[in-house]
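> The following comprises the amino acid sequence and a computationally predicted model.
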Amino acid sequence: MTRVSFILVRAGLIVALTLVAPLFSDGATQAARWTTVGSTLVEHAGGDTATRLTDGKVLIVGGSWSNPRDAEIYDPTEQTWAQTGLPHDGRVGSMATLLADGRVLVAGGTGGVFNVTAELYDSTTGTWTFTGSMASPRTWGSAVLLADGTVLAAGGSDGSSGTRRCEVYDPMAASWTATGLMIEPRIGLATTLLPDGRVLASGGSTGIPPSATAEIYDPSTGTWTPTGDMLAARVYHSLILLNDGTVLAAGGSRLLEVFDPSTGTWSGVGMVSKLHDTVTLLLDGTVLMAGGDEGPYPYKDNTVEIYDPSLGTVLAGPDMPIGRAAFTLTTLLDGTALAVGGLVFDDGEFPFVTRQTDLYDPR
């Protein structure tokens, strides 16, 4: 058992933390490996969405400013990419949600203008259909599928500033309805559905520094209430619902912390070596964290780390074939994870978007 103490400075206060847990371990992921499995048809980075469909394929939408309307499908069986129908509007920084009926709702984003529009992707036909529009534009917001099959859209930018407005999409009525305002505006926030049907939202920013606050949405009342502050301020991070019902906050800080919905409090559970910006929950309950914006020049880190909630440890994983940031990472039905696109630096240290696709196999 290792005792590690460290200090965080937040909101002008010095907070000392002591974590009594093994924080880093070597060798536990030696069997894991990465394999390059081809390339996307166009570039995706920094604003695309990745959605695993009910048949196990992965839909990538938008992302690169040069291809804001692109959409393509990855077939894990064939390990190939194929073009599919193009969305009607540019969708950089949009929100994508897999609905209960297998369609994908994509809303907001931008392709030159900040969109209020939303459209539905039908994987059986490969086509897009406009559905009801939101009342407010929304880019870099967050969307959550609620327990009743509706979708909550929260936070983001309305084109001029961060917004507190929230709306709920009803797939049956194909329309949006305004719901309670968030306590504070949040661009680049993270959200997740809690086991009791409420929604946890954390972090984000409307300036510098990012926020450490968090709040909870109750669908039964349509209202937000504050909950405990995170130990570290975060923006463009991830909230991962763990198998025990707690929530891991990762990204935006080297500190890993867990939210307990029963107490409304956060606890530090470990430190990672790099500022990973891409995170996914694996089928075995561990959390894969990869890449990120760190180093003497950004977008060149290929470090991989695994958080094991059952042990409370951070494990070293195999490096990705290339360093990248602002990419997507999607867990597939067979337990592997797909890394797509992202920003990379060439030897001249100028950023470019990679089309390389890599597959992580933990077995």
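Nice, thanks for sending it over.
> so how far is Ser220 from Gly197?
8 Å (C-beta to C-beta, to the nearest Å). Backbone N, C-alpha and C define where each C-beta goes, glycine included.
> and Ile306, how many residues sit next to it?
23 (other C-beta atoms under 10 Å).
> in what helix or strand does the closest residue to it other than its chain neighbours lie?
Excluding the flanking residues, the one nearest Ile306 by C-beta to C-beta, 6 or more residues apart in numbering is Leu315, at 4.3 Å. Take DSSP states H and E as the rule and Leu315 turns out to sit in strand 313-316.
> on that earlier part again, report the beta-bridge partners for the residue nearest to Ile306.
Beta-bridge partners for Leu315, by DSSP bridges, are Ser25, Ile306.
> Identify the residue nearest Asp101 in space, chain neighbours excluded?
Pro171 is the one closest to Asp101 (C-beta to C-beta, 6+ apart), at 7.0 Å.
> pretty sure the one you found contacts Leu98?
No - with contacts counted by C-beta atoms under 8 Å, Pro171 stays clear of Leu98, the gap being 11.3 Å.
> thinking again about what came up before, ok, the residue nearest to Asp101 - contacts?
99-101, 103, 105, 149-151 (C-beta atoms under 8 Å, 6 or more residues apart in numbering).
> Neighbouring strands - and their directions - for the helix or strand just after the strand holding Leu315?
Counting by DSSP H and E, the next helix or strand C-terminal to strand 313-316 is strand 328-331. Sheet pairing of strand 328-331 (DSSP bridges) gives strand 337-340 (antiparallel).
> Next, the buried residues of the partner strand.
337-340 (16 or more other C-beta atoms under 10 Å).
> which other helices and strands contact the helix or strand Leu359 falls within?
Secondary structure assigned from DSSP H and E places Leu359 in strand 356-361. Contact partners of strand 356-361 among helices and strands, from 3 or more C-beta pairs under 8 Å, 6 or more residues apart in numbering; DSSP states H and E: strand 33-39, strand 337-340.
> would you list those in a markdown table and tack on distance to Met271 and mean pLDDT?
As requested, the helices and strands packed on strand 356-361 are exported to a markdown table (distance: least, C-beta to C-beta, whole Å; pLDDT from 0 to 100):
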| stretch | distance to Met271 | mean pLDDT |
| --- | --- | --- |
| strand 33-39 | 23 | 96 |
| strand 337-340 | 22 | 97 |
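> what's the closest of these to Ala45?
strand 337-340 (9.2 Å; C-beta to C-beta).
> So what's the gap between the closest one and the chain middle?
13 Å (C-alpha atoms, centre = their mean, to the nearest Å).
> List of residues touching it?
Under the contact criterion C-beta under 8 Å, 6+ apart, strand 337-340 has outside partners 34, 37, 40, 44, 48, 50, 58, 60, 74, 76, 278, 280, 282, 288, 290-291, 320, 324, 327-332, 357-360, 362.
> That one: what's the following helix or strand?
strand 343-345.
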